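1. Sequence and predicted model, in that order:
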Amino acid sequence: MKIAVMLMGNKISPHFGGSERVCIYTVENGAVVNKEYFDMPEHRAGIFAKFVKEKGAEVVIAGSMGERARYIFDSLGIKYFIGVLGSPDEAVEKLLKGELKSNLAIADEIHEREEGMHHHSHGSHEHFHGHLHRHRKDF
């Protein structure tokens with residue numbers, strides 16, 4: 001079995017689509033026998049999920065994951081655990097012991113925080129431009 005753990009630095013990536021690298025753990029007879037690291041390709045819709053599939057992963061571990069990635073993995077029969085943060089090795093150990101569970105509350109919180117940051121900066125951008133336009137009308 002191969003397990004893909006999405007990474008940001010040496011920790012589990014908070015968001016699947018924001019991962020820098022992936023570690024592919026090869027498991028035989030319930031034990032990790034190999035770990036391979038791969039840099040992620042340029043991020044475009046659906047590319048990361050296909051990349052992980054090409055590496056032979058049957059399970060994916062990440063902090064959060066968008067709807068598109070979930071759909072792709074569901075259609076490919078690849079299991080995923082989201083809402084998992086921290087040490088990749090510890091997460092894989094828990095998985096092998098049958099103790100790893102998705103934490104949807106954490107996954108949703110991460111996703112909402114990222115969406116909120118995007119919308120907040122975009123909103124500020126619009127506000128700034130609106131202010132400039134009003135200012136110009138005064139002249």
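-> Perfect, thanks for sending it.
2. and residue 51, that one's in a helix?
-> Yes - under DSSP: H, G, I helix; E, B strand; the rest coil, residue 51 falls within a helix.
3. The spatially closest residue to it that is not a sequence neighbour: neighbour count?
-> Counting by CB to CB, 6 or more residues apart in numbering, residue 41 is the residue found nearest to residue 51 once chain neighbours are left out, at 5.7 Å. Glycine gets a C-beta too; all of them are placed from N, C-alpha and C. Neighbour count of residue 41, defined by other CB atoms under 10 Å: 10.
4. so how far is residue 26 from the residue nearest the centre of the chain?
-> Of all residues in the chain, the one closest to the mean position by CA atoms, centre = their mean is residue 16, 1.3 Å from it. Distance of residue 16 to residue 26, given as CB to CB, to the nearest Å: 21 Å.
5. Are we agreed that residue 37 is in a helix?
-> No - assigned with three-state DSSP, residue 37 falls outside any helix and is strand.
6. If it is in a bridge, with which residues?
-> residue 23 (DSSP bridges).
7. right, and it touches residue 25 too?
-> No - counting by CB atoms under 8 Å, residue 37 sits too far from residue 25 to count as a contact (10.5 Å).
8. Looking at these two, which has the bigger crowd around it?
-> residue 25 (23 against 10).
9. so the more buried one makes contact with residue 2?
-> Yes - Residue 25 lies in contact with residue 2 (CB under 8 Å); the separation is 6.9 Å.
10. Do a quick rundown of the strands in this structure.
-> 2-8, 11-12, 21-28, 31-39, 59-61, 79-81 (DSSP state E).
11. For the third one, buried residues please.
-> Taking 16 or more other CB atoms under 10 Å as the neighbour-count basis, strand 21-28 is seen to contain the buried residues 22-25, 27.
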